[in-house]
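K.L.:
with the sequence up front, the predicted model follows.
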Amino acid sequence: MDKPLLETTDITLSFGATRALAGITLQVAAGETVAIMGPSGSGKSTLLNCLSGVLVPDTGTVYMHGQPISRFSDKDRSHLRLNRFGFVFQDGQLIPELPARENVALPLMLTGTPRSTAFLTADGTLGRLGIGDLAGRLPGNMSGGQAQRVAIARALAGNPEVIFADEPTGALDQASGHEVIQLLTTTVRMTGAALVLVTHDVNVARWCSRIIEIRDGIVHSDRRLDVKEAL
């Protein structure tokens, strides 16, 4: 069987006397959409940050394509995040002084893509997501749902292998949240990227093909949704 895209082996991580992860082993396949759920303080965001190389576990290892990325240097993990991962955050984290086109193009330019090429890619990505009309608009002149759509475009523009999303609908009303999670999961499936999503909302999680529940820093349950359950 092919190696998983992402894999953890018994990872632990503590913050002082608080143990956030108490030994987690899991695998994520290419093209899979995974929701990580759990109560506040359960370790779900910490797990996401370990998978994406933002945090390094105290013990255990995180692998990507069989390579131990948690043992990489800070520089190499930063390079990995910029070139092979995409991120969507709860508040979007768009740069307020830049219009949508430049927000989407910026990560591409940071990897060495010429400005003109990055702008063409940004316009194409915004257009494919149905928000080409937002290209020249500043984040302050967008609704929350529009800003999150631009954030999704930014995450997808570099054709990443994995999209990491931390409560991407948490700051949105129900209708906007529904539209955003539908766009995110549908588009990720079309690109073939994997999606690892942290959420407290079961209605959001049901857009994924698999739900992992974390409690007290360990995996409490891990189940795949059948067609009838998934939205």
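P.N.:
On my side now, so go ahead. Residues are numbered from 1 along each chain as shown.
K.L.:
please make it C-alpha for all contacts and neighbour counts, starting now.
P.N.:
Noted.
K.L.:
quick one: low-confidence residue ranges for the chain.
P.N.:
Counting by pLDDT under 70, the chain has low-confidence residues at 1-2, 227-231.
K.L.:
the helices in it, which residues?
P.N.:
Counting by DSSP state H, the segments of the chain that form helices are 44-51, 74-84, 100-110, 115-128, 144-156, 174-191, 202-205.
K.L.:
what residues does the residue positioned nearest the centre of the chain make contact with?
P.N.:
Taking C-alpha atoms, centre = their mean as the criterion, Phe164 is the residue nearest the geometric centre of the chain, at 1.2 Å. In this structure, Phe164 makes contact with Leu48, Ser52, Phe85, Gly86, Phe87, Val88, Leu195, Val196, Leu197, judged by C-alpha atoms under 8 Å, 6 or more residues apart in numbering.
K.L.:
can you tell me which of those is nearest Glu179?
P.N.:
The shortest approach to Glu179 among the contacts of Phe164 belongs to Val88, at 14.8 Å (C-alpha to C-alpha).
K.L.:
number of nearby residues for the closest residue to the closest one other than its chain neighbours?
P.N.:
Ranked by C-alpha to C-alpha, 6 or more residues apart in numbering and with sequence neighbours excluded, the top spatial neighbour of Val88 is Ala165, at 4.6 Å. Neighbour count for Ala165, taken as other C-alpha atoms under 10 Å: 23.
K.L.:
Ala165 touches Asp91, doesn't it?
P.N.:
No. At 10.9 Å, Ala165 does not count as touching Asp91 under the criterion of C-alpha atoms under 8 Å.
K.L.:
one step back: quick one: closest of the helices of the chain to Met64.
P.N.:
With C-alpha to C-alpha as the yardstick, what comes closest out of these is helix 44-51 (8.8 Å).
K.L.:
okay, how far is it across stretch 197-205, tip to tip?
P.N.:
Using C-alpha to C-alpha, to the nearest Å, one end of stretch 197-205 lies 8 Å from the other.
K.L.:
actually stretch 92-105, not the one I wrote
P.N.:
Termini of stretch 92-105 sit 15 Å apart (C-alpha to C-alpha).
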